[in-house]
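Engineer: this is a predicted model, with the sequence first.
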Amino acid sequence: MIDLTLTRYYAPLLVMLIVFIFSYILLKKASIPGSDWVLAFLSLLIAFLFASSTRTTSYLINLLPLLTIIFTISLFFVLITAMFVTKDFDPFKKIVAWLSFIVAILIVLTLAFNQFPTLNHMLPSSSNSGLDSNLREFKDLIYSQEFKDGLIFVVSIVVVGFLMLKKK
């Protein structure tokens with residue numbers, strides 16, 4: 001399991017930074033009269049007020065992983081849609097989109113396994129003590145050799161089919 005204790009120390013700063021960014025964006029979109037420096041100072045003041053309250057900080061700390069998962073999944077779908085729908089998609093941008101796709105999947109999996117305890121028990125090195133009988137059977141099925149062989153077979157068929165049908 002990943003050690004995330006260091007992030008707990010800096011979590012109030014992260015909350016303050018996120019509140020600063022969102023309040024600045026909201027103040028800018030609301031067309032409040034004043035220069036950008038005044039809006040930045042007001043959003044910094046709002047961020048300080050947010051960070052000074054321990055209840056709101058702890059609430060946002062508990063909410064941030066879920067928001068990160070939702071944001072990553074939505075960004076993933078936007079990238080996939082742009083990658084497959086757009087005709088003039090540059091090959092370099094396509095590589096960046098695939099790398100972003102892989103990073104998004106890794107972020108979602110990491111956050112999901114760290115945020116939800118039932119998923120944490122599904123990891124191969126964990127015990128079956130927190131799982132009911134159906135999830136134990138599912139875990140045994142996923143980590144069985146037959147399932148791995150079938151998955152490799154399906155992935156290889158998809159890759160070969162993709163390479164054969166690829167337009168030149």
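Structural biologist: In hand now; what should we look at? Residues are numbered from 1 along each chain as shown.

Engineer: for the helix or strand harbouring Ile107, give the mean pLDDT please.
Structural biologist: Using DSSP states H and E, Ile107 sits in helix 91-115. Per-residue pLDDT values over helix 91-115 give a mean of 72.

Engineer: go on, stretch 149-168?
Structural biologist: 80.

Engineer: same thing with stretch 12-25?
Structural biologist: 86.

Engineer: pull out the buried residues from the longest helix along the chain.
Structural biologist: Identified as the longest helix of the chain according to DSSP state H is helix 54-85. Across helix 54-85, burial judged by 16 or more other C-beta atoms under 10 Å covers Thr57, Leu60, Leu64, Pro65, Ile69, Thr72, Phe76, Leu79, Met83. C-beta: built from backbone N, CA, C; applies to glycine.

Engineer: Leu111 is in contact with the fourth one, correct?
Structural biologist: Yes: when contacts are counted by C-beta atoms under 8 Å, Pro65 is listed as touching Leu111 (5.3 Å).

Engineer: tell me the spacing between Ile152 and Arg55.
Structural biologist: Going from Ile152 to Arg55 by C-beta to C-beta, to the nearest Å gives 50 Å.

Engineer: sorry, slip of the keys, the one I care about is Val38.
Structural biologist: For Val38 relative to Arg55 (C-beta to C-beta), the value is 29 Å.
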